[in-house]
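Novice: Predicted model and sequence below, questions to follow.
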Amino acid sequence: MQGETRFTLAPGTTLPRIWTGLWQLSSSAWGSAPAQKVRDAMASYTAKGYGAFADHYGPAESLFGQFIKNLPEGERPFGATKWAVFNPMEVSHDTVKTAIDERCMQMQTQCIDLLQFFWQNYQDRSYINALQLLLQLRSEGKIRHLGLCNFDTRRADEVCTVLGPGCIVSNQVQFSIIDVRPLHGMHDICERHGIKVLAYGVLCGGLLTDHWLGKSEPELYAGLNPSQRKYLDVILKAWGTWDLFQALLRVLRGIADRHGNVNIANVAVRWVLEHPFVGAVIIGARLGLADHADDNNRVFTFALTERDKAEIEQIEKQSNSASMIMTIGDCGAEYR
């Protein structure tokens, strides 16, 4: 194997480097499958070594809870969920505890493995108070690990500094060959405070795959799912052009060919995972409809060479990737 398949999130917690994202359960726009087929797919992914699931959209928490409720404690996969605060709220022990209790009930667990916290309005610095109360709940056994979601470099640094070493274990942010914003500061914060990035958007909603190689530019709302529309918008408005994107896919296909039985998606994921500050990638799955677990496993059969990286960098230099930190803003700015 050309790389570790697992990483240490925190002392005593070792996890797969590829997690299964559950956001596609939020809408039939990605397709839909019966609940039992979704749970069966969770069992299949877990059996293949992908025993970490993430996200809270739609029925994700409840389906995960139904899946784990009859499993012995030692056989349960790792479950990460979110608490996202978009509107002004009174931050108190009761309001915070209520939010966590709701998630525990949905996930049918006494303790959340990883609670990822998102706070939209940075002008309201109550996020510090909320995190302090979440740490109190952690000490009470309601939360095992506490992470951030879409916090920018400045606030992630602030949170880790105020709360102290070991309080925060991760920050879930967007990171891919297209969106390299975490390389502009976030990687330093991770090293300084000993936290890991959990990267999503690594395949740009499936656009960074062989399926799109040689295809003409799609219309924004013509047959695309919500993730594809989102990332197509990023590619065309912030990163570059469709022609340049096709040039990138050709480069990735050439790299894949040199490494044997791998594909464009494998190369794109490998590129992200080879950054030391990245703990894991979260790849969205249409559970019950498609199974890419075996394909994903090829990520660990090769490593990128200096030639591979140089060819990718040549495309990056032709794109606007370096300036996206200014045009879009730092990590998570698109949600504020």
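Specialist: Received the coordinates, thanks.
Novice: List the contacts of stretch 108-115.
Specialist: 9, 54, 65-66, 68-69, 78-83, 100, 103-104, 134, 141-147, 169-170 (CB atoms under 8 Å, 6 or more residues apart in numbering). C-beta here means a position set from N, CA and C on the backbone, and glycine is covered the same way.
Novice: for the nearest residue to Asn129 once chain neighbours are set aside, what are its contacts?
Specialist: Spatial nearest neighbour of Asn129, chain neighbours left out: Val91 (4.7 Å); criterion: CB to CB, 6 or more residues apart in numbering. For Val91, the contacting residues are Ser126, Asn129, Ala130, Leu133, by CB under 8 Å, 6+ apart.
Novice: can you count the residues close to Gly12?
Specialist: 7 (other CB atoms under 10 Å).
Novice: Likewise for the one 5 residues further on?
Specialist: By the measure other CB under 10 Å, the count of residues near Arg17 is 21.
Novice: That one against Ile282, yeah?
Specialist: No. At 10.5 Å, Arg17 and Ile282 do not qualify as touching, with contact defined as CB atoms under 8 Å.
Novice: which among the contacts of Val91 gets closest to Phe151?
Specialist: Ala130 (12.4 Å; CB to CB).
Novice: what's the burial count for Asn87?
Specialist: 6.
Novice: Just confirm it is within a helix.
Specialist: No. Counting by DSSP: H, G, I helix; E, B strand; the rest coil, one finds Asn87 to be coil, located in no helix.
Novice: Need the pLDDT of it.
Specialist: Note for Asn87: predicted pLDDT of 85.
Novice: Also Val38?
Specialist: pLDDT at Val38 comes out at 83.
Novice: try Ser26
Specialist: Reported pLDDT for Ser26: 62.
Novice: Could you pick out the buried ones from the contacts of Val91?
Specialist: When those are checked for burial by 16 or more other CB atoms under 10 Å, the buried set is Ala130, Leu133.
Novice: bridging residues for the residue nearest the centre of the chain?
Specialist: Taking CA atoms, centre = their mean, the centroid of the chain lies closest to Tyr200, which sits 2.9 Å from it. Tyr200 has these beta-bridge partners by DSSP bridges: Gln174.
Novice: In the stretch 1-150 of the chain, what residue spans correspond to helices?
Specialist: In the stretch 1-150 of the chain, the helices defined using DSSP state H, counting those that start in this stretch lie at 35-47, 60-68, 93-107, 126-139.
Novice: which of these is buried the deepest?
Specialist: helix 60-68 (a mean of 22; mean count of other CB atoms under 10 Å).
Novice: Put the alpha carbons of that one into PDB.
Specialist: Provided in PDB are the C-alpha atoms of helix 60-68 (Å, rounded to 0.1, in the frame of the first residue of the first chain):
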ATOM      1  CA  ALA A  60     -29.100  11.200   7.800                       C
ATOM      2  CA  GLU A  61     -29.000  11.200  11.600                       C
ATOM      3  CA  SER A  62     -32.000   9.100  12.100                       C
ATOM      4  CA  LEU A  63     -31.000   6.500   9.400                       C
ATOM      5  CA  PHE A  64     -27.600   6.300  11.000                       C
ATOM      6  CA  GLY A  65     -29.200   5.800  14.400                       C
ATOM      7  CA  GLN A  66     -31.400   3.000  13.100                       C
ATOM      8  CA  PHE A  67     -28.400   1.400  11.600                       C
ATOM      9  CA  ILE A  68     -26.200   1.300  14.800                       C
END
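Novice: Show me what it is packed up against.
Specialist: helix 35-47, strand 78-85, helix 93-107 (3 or more CB pairs under 8 Å, 6 or more residues apart in numbering; DSSP states H and E).
Novice: now with 10 Å?
Specialist: The elements that helix 60-68 packs onto, with contact taken as 3 or more CB pairs under 10 Å, 6 or more residues apart in numbering; DSSP states H and E, are helix 35-47, strand 52-54, strand 78-85, helix 93-107.
Novice: I'm done for today, thanks for sticking with me.
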